[in-house]
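only the shape, not the letters, is given here:
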C-alpha cells in the first residue's frame, strides 16, 4: 500500500516536470549540450521540502542515463551531467554535487558530498594541464554509507562506510571503513547476522 502511494506521488511529480524533461531531451538530440539540462536541474535543486524531493527525483528519472524512481535527493543536490546512473533506494542529504556517478542500490549519502567526474578532467594523455575535458565514471557499490562532506574521485566497492570529510583518490575494496585525506582503509566492516526468516 505504501509503495503504491509513493508511485502515485511520483507519477504526479513526473507530470509536473515533464516540460523540463522534454526541453532537456530536445537539447540532447538537437544541440548535444547540457546547458538546458543544468538550468532545469539548478532550478529544481532549490525547491524545498517534500515537493522538492519528488520533483528532483522525477526530473532525474527522465533525464539521467539511468535513475530509479525510488530515490530521494536532498535540498540543493545537483547532477551536473546526464551521464549519471542511480539505483533504487538511493538517498542524499543537502547540497550534494554529482557528475558522472554510478551509484548502486541502497546507498546513503550525507550532506555536501561531492562526486565529480573523475580526478583527471583537465589533463591530457601525458598528464599535463590542457584545454580538454575528460570525464570518468565514479562508481559507488551497493549498501555504502558516504559521510558528510566526503569527496569521491575514485570507485568505492559495495558495503563500505566512507567517513565524513574523507577524500577518496584511489579505488577502495568492498566491506571497509574508509577515512582520511587521502582516504585509506581503516578496518574491515563486520556484517551483523541476518535476522531470522530473511
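Good, I have the coordinates. Just so you know, these numbers come straight off a predicted model, no measurement behind them.

quick one, what contacts residue 171?
In this structure, residue 171 makes contact with 154-157, judged by CB atoms under 8 Å, 6 or more residues apart in numbering. C-beta: built from backbone N, CA, C; applies to glycine.

how about a cut-off of 6 Å?
Residue 171 sits next to 154-155 when contact means CB atoms under 6 Å, 6 or more residues apart in numbering.

pLDDT score for it?
Residue 171 carries a pLDDT value of 95.

so how far is residue 25 from it?
In this view, residue 171 and residue 25 are 33 Å apart by CB to CB, to the nearest Å.

residue 170 now?
37 Å.

mind checking how far the lengthiest helix in the chain is from the chain centre?
If you go by DSSP state H, the chain has its longest helix at helix 2-30. Remark: helix 2-30 is offset 18 Å from the chain centroid, using CA atoms, centre = their mean, to the nearest Å.

what's it packed up against?
In terms of contacts (3 or more CB pairs under 6 Å, 6 or more residues apart in numbering; DSSP states H and E), helix 2-30 is packed against helix 35-45, helix 49-63.

state the mean pLDDT of that helix.
Mean predicted lDDT for helix 2-30 stands at 94.

give the buried residues for that helix.
Going by neighbour count (16 or more other CB atoms under 10 Å), the buried part of helix 2-30 is 9-10, 13-14, 17, 20-21, 24, 27.

again with stretch 101-111
In stretch 101-111, counting by 16+ other CB under 10 Å, buried: 101-104, 106-111.

next one: stretch 45-57
Neighbour-count burial for stretch 45-57 flags 45, 52-57 (criterion: 16+ other CB under 10 Å).

identify the farthest-apart pair in those residues.
Pairwise distances across these (CB to CB) peak at 13.5 Å, for the pair 45 and 54.

could you pull up phi and psi at the residue nearest to residue 137 when sequence neighbours are not counted?
Closest residue to residue 137 apart from its sequence neighbours, by CB to CB, 6 or more residues apart in numbering: residue 100 at 4.8 Å. Main-chain torsions, residue 100, degrees, to the nearest 10: phi -80, psi 70.

burial check on residue 100, number of neighbours?
Residue 100 is flanked by 22 other residues according to other CB atoms under 10 Å.

distance of it relative to residue 178?
Using CB to CB, one obtains 21 Å as the distance from residue 100 to residue 178.

go on, residue 88?
Taking CB to CB, one finds residue 88 at 23 Å from residue 178.

so between those two, which is more surrounded?
residue 178 (24 against 13).

can you confirm that one is in a strand?
Yes: membership of residue 178 in a strand is supported by DSSP: H, G, I helix; E, B strand; the rest coil.

which stretches of this protein have low pLDDT?
1, 119-134, 192, 194-195, 197-198 (pLDDT under 70).

now with 50?
Residue ranges of the chain with pLDDT under 50: none are present.

so what's residue 82 up against?
37, 63-64.

pull the contacting residues for residue 164.
By CB under 6 Å, 6+ apart, the contact set of residue 164 is 147-149.
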